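Engineer: Give me a model of this one.
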Amino acid sequence: MYTLAVCAEMVFLDLPIDERVRRIHDAGFQVEIWDWTRHDVDALARTPAEFSSMTGYIRGTLTDEEGAAELLRTAEESVRAAEHLGCPRLNLHGTGLDGQGLPVVPVTCAATGEMWNAARRALTRLAELGESAGVTFTLENLNTAVDHPGVPFATAADTLALVQAVDRPGLRMNLDLYHAQIGEGNLIELVRRAHGLGLIGEIQVADVPGRREPGTGEINYPAIARALKELGYEGTVAMEAWASGDSDEALERFRAAFTL
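Structural biologist: Model prediction:
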């Protein structure tokens, strides 16, 4: 069966990050973080937590050669941080995001063929970096309607197409079902397709609307859990969601939705 993880950036917000990590670990989950440069990595490494994912770059974009060079350079720094934390997956987006989740370099038109080729070349180099370092880079789909307007290659279809085009074990898809529900829907078929291609590196979940824990919105996560079991998915399912109330209760609602 799959492993459950929780994003420490979105729960127990009244606690320092290392205490959040400990609380998540004590509840029986693996831990995810975002931008490692905002945290004391040594302090996080001293916790007993098992880290499942973190942001895999500091700056850069996939849409042009200069931005891709910066993304790759900062990805190398991120790999060293991941090694310190024992974190196996490093997450990517089409471009750098600011503190509000907005693109540092927004795209105002559809991605051109030149942008697609630049992204494929950059992701191939990142996959090679991951393979040499023994980690996996994951490319996350995002929604542009609510949370991340202006991000290129945001849809699940685009993300999956890029990962498939690179076709290397060092790059997989971070299939975020919250973002996919807003942008595309048809979640179970999306999971089946990505799993059938062998391209899922991780699945992230939150409910719609509100980006809160499973059970607070319209997504039937127990049905998705059953589909994952039928498919034999053995990877990670991570809750990247704000707690609707008490964080401990949010974690338990997440666990209940994915316990069969």
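
Engineer: Which parts of this structure are helices?
Structural biologist: In the chain, the segments counted as helices under DSSP state H are 17-26, 41-45, 65-85, 113-133, 156-166, 177-183, 187-196, 221-231, 247-257.

Engineer: and the angle for the last one with helix 17-26?
Structural biologist: Looking back up the chat, that one is helix 247-257. 40 degrees (axes from the mean of the first three to the mean of the last three CA atoms, to 10 degrees).

Engineer: and helix 247-257, how far from the chain's centre?
Structural biologist: Its chain's C-alpha centre and that of helix 247-257 lie 19 Å apart, by CA atoms, centre = their mean, to the nearest Å.

Engineer: Next, the buried residues of that helix.
Structural biologist: 247, 250, 251, 253, 254, 255, 257 (16 or more other CB atoms under 10 Å). Using the backbone N, CA and C atoms, a C-beta is placed for each residue, glycine as well.

Engineer: The first one touches residue 8, doesn't it?
Structural biologist: No: taking CB atoms under 8 Å as the definition, residue 247 is not a contact partner of residue 8, at 10.3 Å.

Engineer: Which residues are in contact with the closest residue to residue 77 other than its chain neighbours?
Structural biologist: Among residues not flanking residue 77 along the chain, residue 58 sits closest, at 6.5 Å (CB to CB, 6 or more residues apart in numbering). Contact analysis of residue 58 by CB atoms under 8 Å, 6 or more residues apart in numbering lists 35, 37, 74, 77, 78, 96.

Engineer: tell me the pLDDT at residue 58?
Structural biologist: What the model reports as pLDDT for residue 58 is 93.

Engineer: With the one 4 residues further on instead?
Structural biologist: Residue-level confidence at residue 62 comes out at 93, pLDDT.

Engineer: and the gap between it and residue 125?
Structural biologist: In this view, residue 62 and residue 125 are 11 Å apart by CB to CB, to the nearest Å.

Engineer: Looking at those two, which is more packed in?
Structural biologist: When residue 62 and residue 125 are compared for neighbours, residue 62 comes out ahead with 26 against 18, by other CB atoms under 10 Å.

Engineer: quick revisit: is it possible to export the buried residues of helix 247-257 to TSV including distance to residue 196 and pLDDT?
Structural biologist: Below are the buried residues of helix 247-257 laid out as TSV (distance: CB to CB, whole Å; pLDDT from 0 to 100):
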residue	distance to residue 196	pLDDT
247	35	98
250	31	98
251	31	98
253	29	98
254	26	98
255	27	98
257	23	98
